[in-house]
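**Student:** got a predicted model here, sequence first, then my questions.
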Amino acid sequence: RCPLDVVASRLWFINLWNLNIVPHILDSVREGLLLYGKRSSWDDPVKYLLDTWPWQNPPSGQEDLIHIKPNDVGYDTSAPLPNTSRPLSAVDKPENKEDPLFNMLMTLQEAANTQAGHL
């Protein structure tokens, strides 16, 4: 629960961000990159937090918010963004080319999802 005291609520939020939200974001972004590939540029969410920071003093020193860097989640900043409007499927990814059974299953899943979307 968020404390009502301004100083305590600020510290509570910093701890919530660093200990709960950051690990969740890291896991979610890693999973999203595996499922959909790179779809847009990377923006550290801490920039938004600092732009909308509701407390008078921004975090500093030991109270720093943990920044999420692209390499923390496996985001390849050197690769260009894909020109496709659809997410990259597992069939599109080069590391899966050597497993024909997996490729066939992913193709069938993609076809089933496409057909279900047109019903």
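**Tutor:** Perfect, thanks for sending it.
**Student:** what are the buried residues along the host helix or strand of Ser28?
**Tutor:** Assignment of secondary structure by DSSP states H and E places Ser28 within helix 22-36. Neighbour counts over helix 22-36 (16 or more other Cβ atoms under 10 Å) mark 22, 25, 29, 33 as buried. For the C-beta atoms, the positions are set from N, CA and C on the backbone; glycine is no exception.
**Student:** quick one: which of these is nearest Tyr75?
**Tutor:** Tyr75 has its nearest neighbour among those in Leu33, at 6.4 Å by Cβ to Cβ.
**Student:** right, and that closest one touches Asn71 too?
**Tutor:** No. Taking contacts as Cβ atoms under 8 Å, Leu33 lies outside contact range of Asn71: 11.9 Å.
**Student:** distance of the spatially most central residue of the chain relative to Pro45?
**Tutor:** When Cα atoms, centre = their mean is applied to the chain, the residue found nearest the centroid is Val29 (2.3 Å). Distance of Val29 to Pro45, computed by Cβ to Cβ, to the nearest Å: 10 Å.
**Student:** joint contacts of the two?
**Tutor:** Ile68 (Cβ atoms under 8 Å, 6 or more residues apart in numbering).
**Student:** need the helices for this protein, in chain order.
**Tutor:** Ranges of helices within the chain are 6-16, 22-36, 45-51, 100-117, based on DSSP state H.
**Student:** can you say which of these is nearest to Asp64?
**Tutor:** Across the helices of the chain, Asp64 has its closest neighbour in helix 6-16 (8.0 Å, Cβ to Cβ).
**Student:** now do the closest one: everything it contacts.
**Tutor:** Here helix 6-16 makes contact (Cβ under 8 Å, 6+ apart) with 2-3, 55, 57, 59, 63-65.
**Student:** perfect, I'm done here.
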